[in-house]
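A.B. asks: below are the sequence and a predicted model for it; my questions follow.
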Amino acid sequence: MVQKTIAKMDRRKFVGSTTIGALAFHVAGGTSLLTPKQAHAEKVGLRHFDAQQISLLSAFCEHLLPGATDGGVVEFIDHQLGETPNECLLMCKYFPGINAPYVDFYTGGLASLETYTQHSYAKTFANLTMDEKDQTVQALWAGKADPWQGPPPPLFYMMLRSDAVDVVYGTEGGFEELGIPYMAHIRPPADWSNSGVK
């Protein structure tokens, strides 16, 4: 279904709407152009999540798509939460039921995820076994996570899955892994998925 949809789209439009390039991160009192992957490697300061939320967000996204943590999913989300809602690259801006500021959506979902795993397994998501993580994700997707006080569990799952996909596959290298030709209208001057652009 996805491949048929992509085939019907203009490839340049598809690439332009799905790839993530260098973003302006605040580093050491200045601004540096970094990809989310580089921002993660350089441990840039985050502005919207505390340490517990960072750990939970990282563990959840990594389980949804291995490579998301090193790809900078937490840094990407945190960066985009600082953008004007209409200008941000987060998928949640396209859903009428998710209102800005989007940080409330993420923090509410993370708090509910923590409550659910503590209630169900007496431990946080990062400390669950692989089977327990799978069961948790299935409960969210099915809308059967209880107790849950945050955004609808399937919607929370979908948005974080989309964020993880963006940082893992929304690069030139990611397109190559998927076997999709990278046909950007304007190519980056270097392989920014791994380069040290600043």
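C.D. replies: Here it is on my side, so go on. Numbers count the residues shown, from 1 in each chain.
A.B. asks: dump the residue contacts of Val165.
C.D. replies: Under the criterion of CB atoms under 8 Å, 6 or more residues apart in numbering, the contact list for Val165 reads Leu65. C-betas here are computed from N, CA, C, even on glycine.
A.B. asks: pLDDT of the lengthiest helix in the chain, averaged?
C.D. replies: Looking only at the chain and at elements set by DSSP state H, the helix with the highest residue count is helix 103-121. For helix 103-121, mean pLDDT rounds to 98.
A.B. asks: please name every helix or strand in contact with the next helix or strand after it.
C.D. replies: The first helix or strand that comes after helix 103-121 along the chain, using DSSP states H and E, is helix 130-141. For helix 130-141, the elements it packs on are helix 51-64, helix 103-121, helix 153-169, judged by 3 or more CB pairs under 8 Å, 6 or more residues apart in numbering; DSSP states H and E.
A.B. asks: for the longest one, name the packing helices and strands.
C.D. replies: If I follow you right, that is helix 103-121. helix 51-64, helix 73-81, helix 130-141, helix 153-169.
A.B. asks: swap the cut-off to 7 Å and go again
C.D. replies: Judged by 3 or more CB pairs under 7 Å, 6 or more residues apart in numbering; DSSP states H and E, helix 103-121 is in contact with helix 51-64.
A.B. asks: now the helix it packs on: buried residues?
C.D. replies: Gln53, Ile54, Ser55, Leu56, Leu57, Ser58, Ala59, Phe60, Cys61, Glu62, His63, Leu64 (16 or more other CB atoms under 10 Å).
A.B. asks: cool, thanks, talk later.
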